[in-house]
Every structure is written in C-alpha cells, then in structure tokens.
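Engineer: build me a structure from this.
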Amino acid sequence: MDRLRTTTLALILALMSWLAGLGISEGVSAAERTALTPVRPERCGPQRATCEGFDAVVFVHGIYGDVDTFKNQATHFDWAESFPSYFEEGQLIATPPGESGVDVFRLTYQTELFSWAKGHETHFDAIARKVFEVMKPLRVRRYRSIGFIAHSLGGNIVSTYIHMVKSSLGHPQRSQHAFVVNLATPVLGSQIADIGSVLTSALGMNDALLKSLKENNLYLTMLDQFRREEQGKAERNACRAVHLHAAYETKYIGPLLVVTQASAAASISQLVSSPVVGFTRNHFEMAKPSGVDDPLYKWVDDRVRAEYSRLLDWDTLVAQAPPKRKMCASIDYIPE
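Structural biologist: Below you'll find the predicted structure:
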C-alpha cells in the first residue's frame, strides 16, 4: 500500500507540474492572494482622473501557474514585459504621445499544490469573485479597452469574469473588455483533470479548483451557453463586440494531451472572431514564446494589432454618440 501511495503521489506531482509549474506557499488561500499588478510603470498613472484614451492588457496564468508562466526560461523572454506600449492604427509607434498607450498587468491567483493538508483548498467561485474585485480599478478608471491574454484555466476565469460583469453591471461594462486571447484553454475541461481528481481522491485529498476542470462538467457547459446568449444580446443592442481568439496545443506531454482540440477549439468555433489555430508545442510551452520572432508571439501580436485597429474604427463610428452610449447604442452606461 505504501508503494502504491508513493507512486500515486508521484503521478499527481507530475500531472500538476505539467499543468503549469508549481507556486507553493503556506497559510494563505489562493483567493486571498489574487492580485492585479502592473508589469511596468503605468502610462495612465494615478495622477490622471480617467484612462479613457488608454488601453489595458491583462496576462492571466493557468492552474498552479504564477508570474513566471509567460517567461521563457531558455531565452529569458518575458512576454508581458515585452508587450508593446503603444499602437496606432494597428502599428507600433516608437515614441508614443502622452495621452494614450497600453498599460500591461499580470492577474495572479497563485494556488498551492499542498493546500489540501492545510485546509486552504481553493474554489473556482472564490477566485472568480476576487478577480471581479481586483479588476474594478481598470473598469472604473474607464480604460478605452481591457484585453486579456490567458493561458489554460486563465481563459475560463476570464470568461467567468466577463459573464459576472454583464450580470452585475451591464452590457456597456462587458463591452469595455474588447478581446480575449485563449492559449490552450480547456473550455470544456481536460482529461488530465479527470485523472488528477481520481488520484487526489485516492489519497484523501480535495482540490476543488482541479475539479472545476473536469471534462464536460455542468458549470463549463453552462458557461459556454451563457457566452453564446450574451454575444447574441450584445449584437441586438449594437454593443461593441468582445472578440475571442483561441489557439491550442498539438504536442503531448508523456502519454497525454493536456487540453484537446475539441475542448480548446471546437467548443467555441461559433464564438471566435478569427480561425482557431494549433501550435506544435505542449501545454506549458503555449505560454512561453522564445521571442518576438516566435510564431506564437507573432500570431497573438497580429490579433492584438487587428483589435486596436477595430477599436479606432469603433471610436470613429460613435464619435457623435452621447457618452453613455459609447459602448452600446441601445443601453446606457451606468457607473458602478
């Protein structure tokens, strides 16, 4: 029995490390440590009353990830730190003007692999509520747009957050979130989460966050439906679209493909705003381009440039609209 438990624990450790790289600490729950942190000095600093001329991009890691999720250890390329600070008509400008630009943030919700023993297991709903709270400063400072680059579980957290924004605040606030780029996001769960849940249960452990990623679970299935309904209502009310882009892995880790094409791509084929693409890299590598010439980096960069061009077109379209109707022609923006 001891040998079985040791082998099982080794399998769990391997599975968890495959999912993102461990961020282990003691005594504080993951929800309590959820934070939104600027990657570099903000172009729209606290001295400004509003950020209406600025954009924000938020990098969101996956389960058991941390601030190193988007760093390539071999080349030392940090995707978040290297993100351009200004775009004009989709093109990067070397010297941006003072009244606009892109602020980059990391959204972290570090989880603990050994939290079961301390009674600090993390629940998906607790993290979702905390994300809604820590994102408030970006919403109320009225950034022109908030975009996301999300790896793995981070994509599910972002889609839940946007659904909460619509439910709690309204469609204009939802439309402030202009785009989401999913990188190997298990929209309908992951087989590896099913296996991991069985193994942890065998050891008398409980990981609610891991369970939230089990394949085709009810919440993820309903969330997928909510997103379709939200998108339809937004279109009917002439709201600025929240575009979704997605990529998936094709390379196995050992015997397993952590997130299948069916979960990351086919499930959202009717929601995406550009073709879903696959990359020959494993789940972990989907967040770690080697540099600006990496095909993954270029693909995301192209998506983001197209999004900022779209935002400029939208600004022109609604230039004469009342302030409360800048996001949705048929619904007033009401400050939270």
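Engineer: low-confidence ranges in the stretch 1-150 of the chain?
Structural biologist: Along the stretch 1-150 of the chain, the parts satisfying pLDDT under 70 run over 1-32, 88-99, 110-123.
Engineer: again, only using 80
Structural biologist: 1-33, 63-64, 87-100, 110-125 (pLDDT under 80).
Engineer: need the strands for the chain, in chain order.
Structural biologist: 35-38, 54-60, 71-72, 77-78, 87-88, 91-92, 101-108, 145-151, 179-183, 243-249, 277-279 (DSSP state E).
Engineer: mind listing what the first one pairs with, with the direction of each?
Structural biologist: Right, the one you point to is strand 35-38. Its sheet considered, strand 35-38 pairs with strand 101-108 (antiparallel) by DSSP bridges.
Engineer: before we move on, back to that, and the strands of the chain, which is most packed in?
Structural biologist: strand 179-183 (a mean of 27; mean count of other C-beta atoms under 10 Å). Any C-beta I mention is one placed from the backbone N, CA and C, and that applies to glycine too.
Engineer: run the chain-centre distance for that strand.
Structural biologist: 6 Å (C-alpha atoms, centre = their mean, to the nearest Å).
Engineer: other SSEs contacting that strand?
Structural biologist: Here strand 179-183 touches strand 145-151, helix 153-168, strand 243-249, helix 295-317, going by 3 or more C-beta pairs under 8 Å, 6 or more residues apart in numbering; DSSP states H and E.
Engineer: these: which one's closest to K233?
Structural biologist: Checking the helices and strands packed on strand 179-183 against K233 by C-beta to C-beta gives helix 153-168 as the closest, at 8.5 Å.
Engineer: next up, the contacts around the spatially most central residue of the chain.
Structural biologist: Nearest residue to the geometric centre of the chain (C-alpha atoms, centre = their mean): A150, 3.0 Å. Applying C-beta atoms under 8 Å, 6 or more residues apart in numbering to A150 gives the contacts F59, V60, I157, V158, V180, V181, N182, L183, T185.
Engineer: go again with 10 Å.
Structural biologist: Residues in contact with A150 (C-beta atoms under 10 Å, 6 or more residues apart in numbering) are 58-62, 107, 156-159, 180-185, 246, 287.
Engineer: what does A265 give?
Structural biologist: 182, 184-185, 187, 246-248, 259, 272, 275-278.
Engineer: so the residue nearest to the centre of the chain bridges to which residues?
Structural biologist: Beta-bridge partners for A150, by DSSP bridges, are V60, N182.
Engineer: just to revisit the earlier point, who wins for proximity to E230 among the helices and strands packed on strand 179-183?
Structural biologist: Nearest to E230 among the helices and strands packed on strand 179-183 is helix 153-168 (5.5 Å), distances taken as C-beta to C-beta.
Engineer: packing partners of the closest one?
Structural biologist: The elements that helix 153-168 packs onto, with contact taken as 3 or more C-beta pairs under 10 Å, 6 or more residues apart in numbering; DSSP states H and E, are strand 54-60, strand 101-108, helix 124-134, strand 145-151, helix 171-176, strand 179-183, helix 218-236, strand 243-249.
Engineer: rebuild the ones you listed as CSV, extending it with distance to A265.
Structural biologist: As requested, the helices and strands packed on helix 153-168 are exported to CSV (distance: least, C-beta to C-beta, whole Å):
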stretch, distance to A265
strand 54-60, 19
strand 101-108, 23
helix 124-134, 22
strand 145-151, 15
helix 171-176, 23
strand 179-183, 9
helix 218-236, 13
strand 243-249, 5
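Engineer: to G45, which of the ones you listed lies closest?
Structural biologist: Among the helices and strands packed on helix 153-168, the nearest to G45 by C-beta to C-beta is strand 101-108 (9.1 Å).
Engineer: hey, C-alpha coordinates of that closest one in CSV?
Structural biologist: What follows is strand 101-108, C-alpha atoms only, in CSV (Å, rounded to 0.1, in the frame of the first residue of the first chain):
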residue,chain,number,x,y,z
GLY,A,101,-0.8,54.0,-24.7
VAL,A,102,-1.1,50.4,-23.4
ASP,A,103,-0.8,49.5,-19.7
VAL,A,104,0.1,45.9,-19.1
PHE,A,105,-0.9,43.9,-16.0
ARG,A,106,-0.5,40.5,-14.5
LEU,A,107,-3.5,38.9,-12.9
THR,A,108,-2.3,36.3,-10.4
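Engineer: how far does it sit from the chain's center?
Structural biologist: The chain centroid and the centroid of strand 101-108 are separated by 12 Å under C-alpha atoms, centre = their mean.
Engineer: same check, this time on stretch 124-131
Structural biologist: Worked out by C-alpha atoms, centre = their mean, stretch 124-131 lies 13 Å from the chain centre.
Engineer: circling back to that earlier point, closest one to H76 among the helices and strands packed on strand 179-183?
Structural biologist: Nearest of those (C-beta to C-beta): helix 295-317, 14.3 Å.
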